[in-house]
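**Student:** Provided below for reference: sequence and predicted model.
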Number of protein chains: 2
Amino acid sequence: MSRWQPDARGRLERAAMELYRERGFEQATVAEIAKRAGLTERTFFRYYADKREVLFWGAGELQDFMVGVLASAPDSATPIEAVAAAIQGAAARIAQRPIEYARQRRFIIAANAELQERELIKLASLAAALADTLRLRGVKEPAASLAAEAGIAVFKIAFEAWTSETSQHDFPELIRESFDELRAVTTGT
Amino acid sequence: MSRWQPDARGRLERAAMELYRERGFEQATVAEIAKRAGLTERTFFRYYADKREVLFWGAGELQDFMVGVLASAPDSATPIEAVAAAIQGAAARIAQRPIEYARQRRFIIAANAELQERELIKLASLAAALADTLRLRGVKEPAASLAAEAGIAVFKIAFEAWTSETSQHDFPELIRESFDELRAVTTGT
């Protein structure tokens, strides 16, 4: 038998998410995930450090991507325009996967306090990384942190709208609308 | 000997914060905190559920206060004006205590991942409560969530500025300036 397992990462992820939904994240075990995927536990640990990482493994890469987009925005871009470009880019990447994946992930995280904490930490870390990058572009405080935090707020709220049951818009479009709405809100109109 | 212990809560808090700074939050024990305060462990548990609660016991009350201010803002207030009134009110309350307390608390929390998570959860819960209150005032989504999240971003960033070593402004003043800056940032000027 060959050790090559086509799409092992994807099979493990699908099996894990099915089990997290059926039995809850707490109850599901790595042994069950591997079994359902038709793979071994050893193979699981070749792709994921633990069962939590199945839900978060893309976060570091996404952060690097967003920092890259922000850093390479034209010099003429205002801080919020540069942040918006990074958030748009992230939304376009996330929307390459089926919306059903994003919905399931949201549902699993909402059902577990530890996963919610993890998600909040990832978002806080993302905001800090974007603020750092703005400061490297010469943006002063508090403008750098405010632009980064405002961008993350838009990202979070547009993601919730996109993954809601009644959503009829695509994710990048919802991001654009939310930035417009943020501008309207902060100017108090 | 009387069971009445004048200012037991405050004495326990001061002892706890000294120990958290000296030895780290992880290492400090309730037995040591009580001993340093000249009180018993039993007295400690009359005021605080655990050693973490020493740092967070005021959060629930502060949230209720902010929700109250927001709910009673005049009908003519825009969502961001109503949120700003709640944040201003909170800043004025927080600033009633010596700035040294806020600085120490920030330092202790920054040194411990578990406490940082707790702080992020409290802020997320506060944003959700403010958004709920705005919806009760008839504000639609995503405006309600955006105004609430933007307000919390201002709160967080102004708090950091206020407690920084070089700060020369009072907290409510920094909140006002940060809201002005947020408006400038989101309009891209």
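**Tutor:** Cool, the structure landed.
**Student:** remind me which residues of chain A are low pLDDT?
**Tutor:** Within chain A, the segments meeting pLDDT under 70 span A:1-5, A:189.
**Student:** give me that answer again for 80
**Tutor:** For chain A, the stretches flagged by pLDDT under 80 are A:1-6, A:165-168, A:188-189.
**Student:** Tell me which residue lies nearest the centroid of it.
**Tutor:** Central residue of chain A (CA atoms, centre = their mean): A:Ala59, 5.8 Å from the mean position.
**Student:** Can you give me the distance of that one to chain B?
**Tutor:** A:Ala59 sits 15 Å away from chain B, going by CB to the nearest CB, to the nearest Å. Yep, even glycine has a C-beta here, placed from its N, CA and C like the rest.
**Student:** Next, the angle helix B:113-136 makes with the longest helix along chain A.
**Tutor:** Secondary structure of chain A read by DSSP state H shows that its longest helix is helix A:113-136. Following axes from the mean of the first three to the mean of the last three CA atoms, to 10 degrees, one obtains 90 degrees for the angle between helix A:113-136 and helix B:113-136.
**Student:** Just the buried residues of helix A:113-136, please?
**Tutor:** A:115-121, A:123-124, A:126-127, A:129-131, A:133-134 (16 or more other CB atoms under 10 Å in any protein chain shown).
**Student:** Of those residues, which ones also sit close to chain B?
**Tutor:** A:116-117, A:120-121, A:124 (CB under 8 Å from any CB of the partner chain).
**Student:** so what are the domain limits for chain A?
**Tutor:** Chain A breaks down by automatic domain parsing into domains covering A:8-54, A:58-186.
**Student:** Chain A against chain B: which residues are in contact?
**Tutor:** Applying CB under 8 Å from any CB, we find that chain A lies next to chain B at A:78-81, A:116-117, A:120-121, A:124, A:141-143, A:145-147, A:149-150, A:153-154, A:156-158, A:160-161, A:177-179, A:181-189.
**Student:** From those residues, which land in helices?
**Tutor:** Counting by DSSP H, the residues of chain A next to chain B contribute A:79-81, A:116-117, A:120-121, A:124, A:143, A:145-147, A:149-150, A:153-154, A:156-158, A:160-161, A:177-179, A:181-186 to helices.
**Student:** Now the buried members of these.
**Tutor:** A:79-80, A:116-117, A:120-121, A:124, A:143, A:145-147, A:149-150, A:153-154, A:156-158, A:161, A:178-179, A:181-186.
**Student:** coming back round to it: would you format the domains of chain A as CSV with distance to B:Arg36 included?
**Tutor:** Below are those laid out as CSV (distance: least, CB to CB, whole Å):
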stretch, distance to B:Arg36
domain A:8-54, 38
domain A:58-186, 31
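**Student:** Does A:Ser178 touch A:Ala158 like I think?
**Tutor:** Yes. With contact defined as CB atoms under 8 Å, A:Ser178 and A:Ala158 form a contacting pair (4.4 Å).
**Student:** Give the residues shared as contacts by these two.
**Tutor:** Counting by CB atoms under 8 Å, 6 or more residues apart in numbering or on different chains, the common neighbours of A:Ser178 and A:Ala158 are B:Pro142.
**Student:** helix/strand/coil for A:Glu165?
**Tutor:** A:Glu165 falls in the coil class when you classify it by DSSP: H, G, I helix; E, B strand; the rest coil.
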